[in-house]
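Colleague: just coords:
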């Protein structure tokens, strides 16, 4: 085979190389422009699409929950669940390390709570924990210091009283409150019942009609909130509890701490289907703690079931009054119960406060 040599002059080589380079550069420039143009088109389409989304959003206003993030609430029920209650010693140690409660009252609180467990007035561990976290010593007024954990009602002024702790325990257990339940309390009174409720659910609403008592208890709860952050979940209102709190209705549970001889229709209306109301029902001075369950039939009719939680034991609460001070009950008042033995020796004048409100 013969090999042929082609002689190529230098100027020709340079010309060929230059042509190739120019061609490559032209291709790159054209590609670049095409890519750039394509990217700009995509970006434009995205902008147009985003404008459509914005316009669509404007046509359908956002819900309040989408516009703002609500501050995270302190979780009282979760804190209560973290408290060990296996033995008194373990509980005392935990309380001293995690709470600011006065140590002098802790043993009395433990003893009283377990008395109510044995009497079946505190039925669930959740109710026991809530009771153990509620410092009754702060809610008993100064004139009755020394009786903080006596199992009796005590006067708190303004014609009202703090309810016997065993009745508070029984009414609380009867409500069977679960975390997330919306609970309405009628008759804030001393604030003690609310202090228990807020360790069972973060949704506690309470109404008090006596203005100076409302102010006193409101200040008390605010002062205790630093050491008891769960109290921040208690929504408080000065007003007539007979009409409930329609703004926040319906309620899963309603507790009434003043006596009436009928179930207030507005409260029954604001009770959710499947809900429970606990109240002292009967004429003044002769009431029974009643559990009322509300169900709604398929035809829309309301069905109520009632149960006397103490099986016939009478109790006595202050009357359910309107803003003018008149009782909502139509029954004739009966005689008041005797003054508790714990008070008779110390406060013979306390007979005017012989009825109860928490």
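Modeller: Okay, I see it. Computed from a prediction, not measured in an experiment: that's the story for all the values here.
Colleague: can you map out the helices along this protein?
Modeller: Using DSSP state H, the helices of the chain run over residues 10-59, 64-67, 76-81, 88-98, 106-118, 125-132, 136-139, 165-175, 192-197, 211-224, 265-270, 341-344.
Colleague: Comparing the ones you listed, which yields the minimum mean pLDDT?
Modeller: Across those, the stretch with the lowest average pLDDT is helix 10-59; it has a mean of 41.
Colleague: pLDDT averaged over stretch 302-314 - what is it?
Modeller: The pLDDT scores in stretch 302-314 average 95.
Colleague: Start and end of it, how far apart?
Modeller: Distance between the two ends of stretch 302-314: 28 Å, counting by CA to CA, to the nearest Å.
Colleague: Look up the closest residue to residue 119, ignoring the ones flanking it.
Modeller: residue 166 (7.0 Å; CB to CB, 6 or more residues apart in numbering). Every residue, glycine included, has its C-beta placed from N, CA and C.
Colleague: Contacts only, for residue 295.
Modeller: For residue 295, the contact set (CB atoms under 8 Å, 6 or more residues apart in numbering) comprises 273-274, 302-305.
Colleague: Show me what it bridges to in the sheet.
Modeller: residue 303 (DSSP bridges).
Colleague: now do residue 205
Modeller: Judged by DSSP bridges, the bridge partners of residue 205 are residue 184, residue 235.
Colleague: Tell me how far it lies from residue 145.
Modeller: Separation of residue 205 from residue 145 (CB to CB, to the nearest Å): 30 Å.
Colleague: out of the two, which sits in the busier spot?
Modeller: Relative neighbour count places residue 205 above the other of residue 205 and residue 145, with 23 against 9, counting by other CB atoms under 10 Å.
Colleague: isn't the more buried one right up against residue 247?
Modeller: No. Using CB atoms under 8 Å, residue 205 makes no contact with residue 247, being 9.2 Å away.
Colleague: quick one: residue 280 from residue 169, how far?
Modeller: Look at residue 280 and residue 169: by CB to CB, they are 15 Å apart.
Colleague: typo on my end, residue 250
Modeller: The value you get for residue 250 to residue 169, if CB to CB is used, is 26 Å.
Colleague: okay, the two: which has more neighbours?
Modeller: Remark: of residue 250 and residue 169, residue 169 carries more neighbours, 27 against 16, as counted by other CB under 10 Å.
Colleague: which residues sit in contact with the more buried one?
Modeller: Shown in contact with residue 169 (CB under 8 Å, 6+ apart): 113, 116, 121-122, 127, 131.
Colleague: Buried among those residues? Make that a PyMOL selection.
Modeller: Those of those that count as buried under 16 or more other CB atoms under 10 Å are selected in PyMOL with:
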select buried, resi 113+116+121+122+127+131
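Colleague: for the contacts of residue 169, which one is nearest residue 238?
Modeller: For the contacts of residue 169, the closest approach to residue 238 (CB to CB) belongs to residue 131, at 27.1 Å.
Colleague: contacting residues for the closest one?
Modeller: Counting by CB under 8 Å, 6+ apart, residue 131 touches 109, 113, 116, 122, 169, 172, 196.
Colleague: please redo it, this time with the cut-off set to 10 Å
Modeller: 80, 109-110, 112-114, 116-117, 121-122, 165, 168-169, 172-173, 195-196, 199 (CB atoms under 10 Å, 6 or more residues apart in numbering).
Colleague: The longest strand seen in the chain versus helix 165-175: what angle between them?
Modeller: Longest strand in the chain by number of residues (criterion: DSSP state E): strand 271-281. On the basis of axes from the mean of the first three to the mean of the last three CA atoms, to 10 degrees, strand 271-281 is oriented at 160 degrees to helix 165-175.
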